[in-house]
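J.: Have a look; sequence and predicted model below, questions after that.
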Amino acid sequence: MAEASTDDNLVNVQIDGRWMKFPRGTRMIEACRQAEIDVPHYCYHPKLTSPGNCRMCLVEMGMPPRLAPGQEPELDEDGHQPIGWMPRPVIACANTVADGMGIRTQSTLAQECRKGVMEFLLINHPLDCPICDQAGECSLQEFSVEHGNGQSRFLDQKVKKPKNVKVGPRVRLDDERCIMCSRCIRFSREIADDDCLGFTDRGSHTVLTVNPGKELAHNYSLNTVDICPVGALTSEDFRFQMRVWFLKETDSICTSCGRGCNTVIGTREDKVYRQTPRENNEVNSTWMCDRGRLDFHYLTSESRLTDPMIKDGDTHRASDWTEAIRRAGEGLLKYKGDSLAIIASGRMSNEELFMIRRLAEALETKTIDIVPRSGEADQFLVAEDENPNTNGAIEVLKVRKPGSKLANIRRKIEDGTIKAVLVFGENLIKAGFEESLLKKLKFLCSSHILANPTAQLSDVVLPGTAAAEKRGSMINVTGRLQRLNQAAQPPGNAMQDWEILRELNQSVSASDEFEMLEDVFATLSTKVASFRGLTLGKIGAAGIPLIETEETIPLLEKERARVAAGQIVG
Amino acid sequence: MAKPKYIEGKEPHPREHRMIFRNVDRKGWSADIKCYLKDGGYEMAKKALAMEPAEITNEVKASGLRGRGGAGFPTGVKWGFIPPNNTKPVYLICNADESEPGTFKDRYILHQDPHQLIEGMIISCYAVGAKLAYIYIREEFPEAAKIVEEAIREAHENKFLGKNVLGTDFELEIYVHRGAGAYICGEETGLIESLEGKRPYPRIKPPYFPAALGLYMCPTIVNNVESLCHVKHVIEMGGEAYGKLGTPRNTGTRILCVSGDVNRPGYYEVQVGKVTMGEVIDELCGGLKKGRKLKAVIPGGSSSKVLRADEKFTIKQGDEEKEIGLLDIPMDFDTMAACGSMAGSGGVIIMDDSRDMTWVLNNLNEFYAHESCGQCTPCREGSLWMKKITARLVRGGGLPEDVKTLQSVADNIEGKTICAFGEACSWPTQSFLNKFGDEFKKATKRSNVKKPTNPEAEIAAKGLVQK
Amino acid sequence: MEIPAQLEEEIDQRITHYPVSKRSAVLPVLHLLQHHFRYLDQEAIDWTAAKLELEPINVLEVVTFYPGFRQTAPGKYHIRVCRTLSCAMAGAYETMEKICELAEIDRSAVSHHNPIAVSKDGKFSIEFAECLASCGSGPVVMVEDDFHENIDTGAARDLLSKYD
């Protein structure tokens, strides 16, 4: 007998002629995927329950014959029982493998099933490809190539449904394109806890709907656009903006809160067109919130700083980096030590924070803090901490209690002890510093992405880069070290923040270290215990757990519970 | 029990064996419990409650009773599917959604003899361990809902329902639940979804077999009205004696509902397999209309495959093979299946030579297109597509490729759907094309081929699109 | 939308028939509301959702699925004519035409989304229904909750005269 369930947890399954072992309870479609066979599907999604309604994943299945009591099994040369192939196909998404099962994904029967389903899906489809955003990442297009027909046999009138329906502030719906897979309904009910979508009418006239007076408006609504296999649900923000095949895709992370959801940033010619979530089952599963997702338009804001600015009298003039760095260095040196405060940001990367630390050491300044920023956590992914790298500030910049020194700094500015401030990436006016207070400073140097009142008051303004425009690493609220990658070039003459800090350091201390970002990380890893032995490369696309925290991720907890209950694959 | 007398003009045919329909059209009969008790009613409930539940299931298994809703699945076997170590509540649902075209039997039990059903349900609930049961009555039987609710109230009064049924510690509540006009609610998992207050989308099986994961994800038995009534008689006669009625493996009686081109359409309760198709048409129903010849028969509700009048079938009789004609087929489950159709719900539709088969199929396709719930792709898109094609054939707009397309669409639905509605909507098309293909071909004209149009092109052609 | 106290009592009574889940009471509540108000509008849908602690979309999904629920006002007497095979063979389509002629109902605007046609004087409304399970006595017609058999074109006039 074939080495069967000696390990009670594994079963023998033959897929397209190859015998393999899988854990008991594995869905057929997952077993195929592990065998590197993609079974085409629409409604199945590993994070959602499986209704089995699209019928695209129908495969041919067989089981060994039931033995009569006392009957000995017939075995082939490999020790397997012969497979009795069933004439009726079965769906692969909701059925689990069993010992001795055979699966055929390429047989005539399986192919016929797919052709049939493909044809059915297209007979009432409006075939909007030339004006549909989904083109290029559409499951209908994709499977049509392999399993569709070049010509339609449908000669009658198609079913007409509402087109271009505003179902919510960020999502547009085209009911004619909808294939009624119900992914969006299941997502809203099962993951977002907002039962706002449903099917009305019946049969071929079924229509995806929201109740009059209600909307698809929850903070995770755009995930339905991600998972919609066709162009029925589209993003208000992205529709008609760019064809997806022109987008360069860069793996990165969202920096709108401390969760650090993994993302893919889609750009063309240095302009970000959209962000989509990237799967990371330790951080955000396959989802992200709408607010973080859409938080990139500031990159092309009109108030984007593009050149270093130097204050002459009451106004600023554009300068070059040489002069600006020289001026900044002079000012910082003049007030170094206890007269200088450095206010960094929880939105800076670990490498940048390390450069701040170096600069502070060179300037013998111990008055360092970041601006804390907190909002309201939700039941899903949004963290209370709105800074993406508070843990980085704690670990790398050694700011033990973020924000605790700010009141003191204000007092010392007031009484004249602190005469100069270097601020990176924060508008101090919003952080509780009055304009009159800042005017008391003898020297104010700041780096920002966008113009703001603090820049307005600064003697030297250094234009920096946004998260999507830099490489580096951050530590999220759950203590995970993750990488940012550069998706776009910063505009104008803006410089990478770490390089600005390197220039400043060189200006005040004549040290000439760090040619590349990797060099910064290498040194960082020798100075910060938790980073020992790491490189930017070793962090990997999915990041690594770095420090222990008490933080849990509500959405992941719920997901794990559902996996444990066998409701979803996960 | 007195020998029943029947209303003039509604007497049963001599070849009938009135058991379930004993009280239908009975003179002096009324639906109230007094009448039922006077006639010896509820004695079997008393008998059953003195038995062990497993004993009752064994009797039902021994009787060979097969479901009368259309699938013909052995009732005792179905009851046995409840997981042995079950700790969740068990529910029993009476499927009174009677919607299979051609079928009209449960209607009469509900309207005229509701206590027989209630008694059958008490016995069945006791056997499977259900304390809560629902009778799902289709919306279009409003009178029946009132009558059955009144009967339930009477049963309560007489301690046949409620806590401590007949003084035992068996408790049972039965409620009537009205549907709202959907054929798919006759599918057991669609019914369960409807009862849960959701859209009646049938569930995938596996894993949602009702006996394990039914109503509220608890073990649930769904039985047809007539089947539950048979249970009472099984207990009365004993399973073995019941099994002697009818024919082997096709036991008991069944109610045939005959409609169409016969002189006496109506309901006829016969022993299963003891009456042939020819006897149904000629004896029970008084033959065809004057001057007409038989053309086709749908033997078990519109979802069953149509049979031609001149068809010949090869069936096994013992070790031998025999050739029989349509009229020779005994009205049972197995022979009918061997002849390529099914006994189904007992809805027999007779069509004579005045009927145009394209018109007949189109009528049925419209029914299925309307009733498709829309959950899964093949049925949702395919049922309406088939209707559109046959509608064109009837209108005179048939194209030569329509017949092939129609066949192929039906083939792409059968076996590919979540529930048996896929077969229900594709078998008529498949069988009509198979048996009457020539008529369909004749309905197509090469001259009908023209450029396909759509509403947008038509508007443009009228010059209504602004430049 | 005014729900009379007695109607609400009936509704509350019905809900007790579903001890395991309030959602199961959706159908009977809608039936009671439709019986009283003659059809179900968005207010009725929202009211039912609130009553059963559901989202309005859950109720809308159900109302629009079933032909038994109307979202437009019928006539004083709503007529349903069975159109499925046996009744069609017995002449149901002719019966429909006859009734429309007698009651002055224009069905030319009838479509899938608009299945009910109302007579000029609002006395009758009519729609086709699928198999009403009395195939041996077709054509079969329901007027409100009344069930009528063998309604061929000849019987149409008598049928209508029963309703004033």
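T.: Noted; the coordinates are in hand. Quantities reported herein were computed from a predicted structural model and do not represent experimental measurements.

J.: shaky segments in the chain?
T.: Using chain A. Applying pLDDT under 70 to chain A picks out residues A:1-7.

J.: oops, I was thinking of chain B
T.: Across chain B, the ranges flagged by pLDDT under 70 are B:1-2, B:450-453, B:466-467.

J.: any idea how far residue B:220 is from the residue in chain C sticking out farthest from the centre?
T.: Distance from the centre of chain C peaks at residue C:20, with 28.6 Å (Cα atoms, centre = their mean). Going from residue C:20 to residue B:220 by Cβ to Cβ, to the nearest Å gives 12 Å. Placement of C-beta: from N, CA and C, glycine included.

J.: can you check residue A:288 too?
T.: Distance, residue A:288 to residue B:220, by Cβ to Cβ: 40 Å.

J.: what are the phi and psi values for residue C:142?
T.: phi -110, psi 130 (degrees, to the nearest 10).

J.: what's it in contact with, if anything?
T.: B:140, C:79, C:80, C:129, C:132, C:148 (Cβ atoms under 8 Å, 6 or more residues apart in numbering or on different chains).

J.: Among those, which are located in strands?
T.: Among the contacts of residue C:142, DSSP state E puts C:79, C:80, C:129, C:148 in strands.

J.: Out of those residues, who's the most crowded?
T.: If you count neighbours using other Cβ atoms under 10 Å in any protein chain shown, the busiest of the ones in strands among the contacts of residue C:142 is residue C:79, which has 29 neighbours.

J.: quick one: pLDDT of that residue?
T.: Per-residue pLDDT puts residue C:79 at 98.

J.: How many residues are close by the spatially closest residue to it that is not a sequence neighbour?
T.: Distances taken as Cβ to Cβ, 6 or more residues apart in numbering or on different chains place residue C:126 nearest to residue C:79, at 4.3 Å, with adjacent residues excluded. By other Cβ under 10 Å, 25 other residues sit near residue C:126.

J.: Repeat that for residue A:522.
T.: By the measure other Cβ under 10 Å, the count of residues near residue A:522 is 15.

J.: if I've got this straight, it is in a helix?
T.: Yes: assignment of residue A:522 by DSSP: H, G, I helix; E, B strand; the rest coil places it within a helix.

J.: Which strands or helices does the helix or strand containing residue B:314 pack on?
T.: Element membership for residue B:314, per DSSP states H and E: strand B:312-317. Packing partners of strand B:312-317 (3 or more Cβ pairs under 8 Å, 6 or more residues apart in numbering or on different chains; DSSP states H and E): strand B:320-325, helix B:334-338.

J.: Which strands border it, and is each parallel or antiparallel?
T.: strand B:320-325 (antiparallel) (DSSP bridges).

J.: List the contacts of the strand it pairs with.
T.: By Cβ under 8 Å, 6+ apart, strand B:320-325 touches B:310, B:311, B:312, B:313, B:314, B:315, B:316.

J.: same deal with stretch C:62-72?
T.: Taking Cβ under 8 Å, 6+ apart as the rule, stretch C:62-72 contacts A:200-202, B:139-140, B:179-182, B:197-200, B:373, C:26-27, C:30, C:34, C:38-41, C:45, C:78, C:114-116, C:127, C:129-130.

J.: So which of those are in strands?
T.: A:200, C:78, C:127, C:129.

J.: For PyMOL, write the selection for the buried entries among those.
T.: Selection of buried members from the ones in strands among the contacts of stretch C:62-72 for PyMOL, criterion 16 or more other Cβ atoms under 10 Å in any protein chain shown:
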select buried, (chain A and resi 200) or (chain C and resi 78+127+129)
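
J.: Which ones among the contacts of stretch C:62-72 lie within helices?
T.: Per DSSP state H, helices hold the following members of the contacts of stretch C:62-72: C:26, C:27, C:30, C:34, C:45.

J.: can I assume residue A:467 is in contact with residue A:483?
T.: No: contact criterion Cβ atoms under 8 Å: residue A:467 and residue A:483 do not qualify, at 11.5 Å.

J.: Show me the common contact partners of the two, please.
T.: Residues touching both residue A:467 and residue A:483 (Cβ under 8 Å, 6+ apart) are A:252, A:253.

J.: which of these two has more neighbours?
T.: residue A:467 (25 against 21).

J.: quick one: the more buried one and chain C, what's the gap?
T.: The spacing between residue A:467 and chain C, counted by Cβ to the nearest Cβ, to the nearest Å, is 37 Å.

J.: Domain parsing of chain B, as residue ranges.
T.: As given by automatic domain parsing, the domain ranges for chain B are B:33-244, B:252-352, B:357-444.

J.: coming back round to it: of the contacts of stretch C:62-72, buried ones?
T.: The buried subset of those (16+ other Cβ under 10 Å) comprises A:200-202, B:139-140, B:179-182, B:197-200, B:373, C:26-27, C:30, C:34, C:40-41, C:45, C:78, C:115-116, C:127, C:129-130.

J.: for residue C:113, what are its contacts?
T.: Residue C:113 neighbours (Cβ under 8 Å, 6+ apart): A:201, A:205.

J.: what's the neighbour count on the residue lying closest to residue C:163 once chain neighbours are set aside?
T.: Spatially, and ignoring its direct neighbours in sequence, residue C:163 is nearest to residue C:77 (4.8 Å; Cβ to Cβ, 6+ apart). If you count neighbours by other Cβ under 10 Å, residue C:77 ends up with 18.

J.: Then the one 10 residues further on?
T.: By the other Cβ under 10 Å criterion, the neighbourhood of residue C:87 contains 29 residues.

J.: Pull the residues that contact the one helix or strand it maps to.
T.: Assigned by DSSP H and E, residue C:87 belongs to helix C:85-90. The contact list for helix C:85-90 (Cβ under 8 Å, 6+ apart) reads B:101-102, B:259-261, B:265, B:298, B:302, B:349, B:351, B:355, B:360, B:363-364, B:367, C:81, C:131-132, C:135-136, C:138-140, C:152.

J.: Distance to residue A:227 added to the helices and strands packed on strand B:312-317, as TSV?
T.: Formatted as TSV, those follow (distance: least, Cβ to Cβ, whole Å):
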stretch	distance to residue A:227
strand B:320-325	56
helix B:334-338	44
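
J.: most tightly surrounded among the ones you listed?
T.: helix B:334-338 (a mean of 19; mean count of other Cβ atoms under 10 Å in any protein chain shown).

J.: now for whichever helix or strand comes after it, which elements pack on it?
T.: For helix B:334-338, the following helix or strand on the C-terminal side (DSSP H and E) is strand B:347-352. Packing contacts for strand B:347-352, counted by 3+ Cβ pairs under 8 Å, 6+ apart, involve strand B:253-260, strand B:294-298, helix C:85-90.

J.: same thing but 7 Å
T.: If you count contacts as 3 or more Cβ pairs under 7 Å, 6 or more residues apart in numbering or on different chains; DSSP states H and E, strand B:347-352 packs onto strand B:253-260, strand B:294-298.

J.: That strand pairs with which strands?
T.: When DSSP bridges is applied, strand B:347-352 pairs with strand B:253-260 (parallel), strand B:294-298 (antiparallel).

J.: Tell me the buried residues in the strand holding residue B:314?
T.: Of the residues in strand B:312-317, B:313, B:315 count as buried by neighbour count, 16+ other Cβ under 10 Å.

J.: Repeat that for stretch B:232-240.
T.: B:232, B:233, B:234, B:235, B:236, B:237, B:239.

J.: now, which of those residues sits nearest residue A:64?
T.: For these, the minimum distance to residue A:64 (Cβ to Cβ) is 34.7 Å, reached by residue B:239.

J.: measure that closest one to residue A:194 for me?
T.: Residue B:239 is 54 Å from residue A:194, by Cβ to Cβ.

J.: Next: residue B:419.
T.: From residue B:419 across to residue A:194, the span is 30 Å (Cβ to Cβ).
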